[in-house]
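J.: Turn this into a structure:
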Amino acid sequence: MKGIEYQRKKIGLSQIELAIKVGVSQANISQWESGSALPRADKLPALAKALHCKIDDLFKETA
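T.: Numbering: from 1, shown residues only. Coordinates of the predicted model:
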């Protein structure tokens with residue numbers, strides 16, 4: 001999900017900072033950004049809130 005990485009970098013968060021805000025490990029964020037794993041549906045609202053975007057934006061290549 002390149003949208004997660006794009007939105008994270010857009011607001012200047014590190015993977016660790018985002019992981020803390022969402023309540024997951026940095027490894028989870030890395031896996032989500034690389035596409036080797038997907039976030040659970042119940043994590044999407046927290047991701048969008050932490051990244052100041054809509055859930056739909058997480059699925060885009062760029063905003």
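
J.: how about stretch 23-32: buried residues?
T.: 24, 28, 29, 31, 32 (16 or more other CB atoms under 10 Å). To be clear about C-beta, it is placed using only N, CA and C from the backbone, and glycine gets the same treatment.

J.: brain fart, stretch 29-45
T.: 29, 31, 32, 33, 39, 43, 44.

J.: what's the answer for stretch 2-20, then?
T.: 3, 4, 5, 6, 7, 8, 13, 15, 18, 19.

J.: Over to it now: how far is its first residue from its last?
T.: Its start and end residues considered, stretch 2-20 measures 19 Å (CA to CA, to the nearest Å).

J.: which residues does the most centrally placed residue in the chain contact?
T.: Centroid-nearest residue in the chain: residue 4, 3.7 Å away (criterion: CA atoms, centre = their mean). Each residue near residue 4 by CB atoms under 8 Å, 6 or more residues apart in numbering is listed here: 29, 32, 33, 39, 47, 51, 58.

J.: For it, pull up the helix or strand it's in.
T.: According to DSSP states H and E, residue 4 maps onto helix 2-11.

J.: Now do that helix, average pLDDT.
T.: Per-residue pLDDT over helix 2-11 has a mean of 94.

J.: Repeat that for stretch 45-56.
T.: Mean predicted confidence for stretch 45-56 is 96.

J.: Please put the alpha-carbon coordinates of that stretch into CSV.
T.: Extracted in CSV, the C-alpha atoms of stretch 45-56 (Å, rounded to 0.1, in the frame of the first residue of the first chain):
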residue,chain,number,x,y,z
PRO,A,45,-9.5,4.4,10.6
ALA,A,46,-6.5,4.8,13.0
LEU,A,47,-4.1,4.9,10.1
ALA,A,48,-6.2,7.6,8.3
LYS,A,49,-6.5,9.6,11.5
ALA,A,50,-2.8,9.5,12.2
LEU,A,51,-2.0,10.4,8.6
HIS,A,52,-4.6,13.2,8.4
CYS,A,53,-6.2,11.6,5.3
LYS,A,54,-9.2,9.6,4.2
ILE,A,55,-9.1,5.8,4.2
ASP,A,56,-9.4,5.9,0.4
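
J.: pretty sure residue 24 is touching residue 43, no?
T.: Yes. Using CB atoms under 8 Å, residue 24 is in contact with residue 43, at 6.8 Å.
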